[in-house]
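Colleague: Curious how this folds, go ahead:
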Amino acid sequence: MHSKEIGPLLLRISLSLVFLYFAVVQLKDPGSWNTYVPNFLHVSGISANNVVIINGFIELTLGLFLISGLYTRFASLLLSLHLFGIAFFIGFNPLGIRDFGLSLATLAIFFNGCDRFTLDYK
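Modeller: Okay, here's the model as predicted:
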């Protein structure tokens, strides 16, 4: 393995683990995440708990795609846009800045495309 191949692989795997962690945590205890649901979703008729559960399943599915390298560009683009939205609604504070940085790192995966260790590459 060349050193140039390690960077994209580490980026893809590490960000996948972040998304998978948050997906599992949200699915295990959706009630503790209700305060992060934006106000405009509260009026949609869907309970905050259900929004968190749906979000958890989406992050779980896309995180699994990303870690396996299946639909790598599609999954990374959706996850990046999702995090941009979260960062926007959280605002200019430490959590928002962190999510903005993670969204840019996830967007870098989109621009890199699939690496040699993805199912897409095979």
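
Colleague: What ranges does the chain have for its helices?
Modeller: Remark: helices assigned in the chain by DSSP state H are 3-28, 39-42, 48-68, 72-90, 94-112.

Colleague: For Asp120, which of those helices is the nearest?
Modeller: helix 72-90 (5.1 Å; C-beta to C-beta). Any C-beta I mention is one placed from the backbone N, CA and C, and that applies to glycine too.

Colleague: Please save the CA atoms from the closest one in CSV.
Modeller: Output in CSV follows, covering the C-alpha atoms of helix 72-90 (Å, rounded to 0.1, in the frame of the first residue of the first chain):
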residue,chain,number,x,y,z
THR,A,72,-19.2,6.0,-1.9
ARG,A,73,-19.8,9.3,-3.7
PHE,A,74,-23.5,9.2,-3.3
ALA,A,75,-23.3,8.4,0.5
SER,A,76,-20.6,11.0,1.1
LEU,A,77,-22.4,13.7,-0.7
LEU,A,78,-25.7,13.1,1.2
LEU,A,79,-23.9,12.9,4.5
SER,A,80,-21.9,16.1,3.7
LEU,A,81,-25.1,18.0,2.8
HIS,A,82,-26.8,16.6,5.9
LEU,A,83,-23.9,17.9,8.1
PHE,A,84,-23.9,21.3,6.4
GLY,A,85,-27.6,21.6,7.3
ILE,A,86,-26.9,20.6,10.9
ALA,A,87,-24.0,23.1,11.2
PHE,A,88,-26.3,25.8,9.7
PHE,A,89,-29.1,25.2,12.2
ILE,A,90,-26.8,24.8,15.2
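
Colleague: Now do that helix against helix 48-68, angle only.
Modeller: 140 degrees (axes from the mean of the first three to the mean of the last three C-alpha atoms, to 10 degrees).

Colleague: And helix 72-90, what does it pack against?
Modeller: Using 3 or more C-beta pairs under 8 Å, 6 or more residues apart in numbering; DSSP states H and E, the elements in contact with helix 72-90 are helix 3-28, helix 48-68, helix 94-112.

Colleague: one step back: include mean neighbour count when you put the helices of the chain into CSV, please.
Modeller: Shown next, in CSV, are the helices of the chain (neighbours: other C-beta atoms under 10 Å):
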stretch, mean neighbour count
helix 3-28, 16
helix 39-42, 11
helix 48-68, 18
helix 72-90, 19
helix 94-112, 16
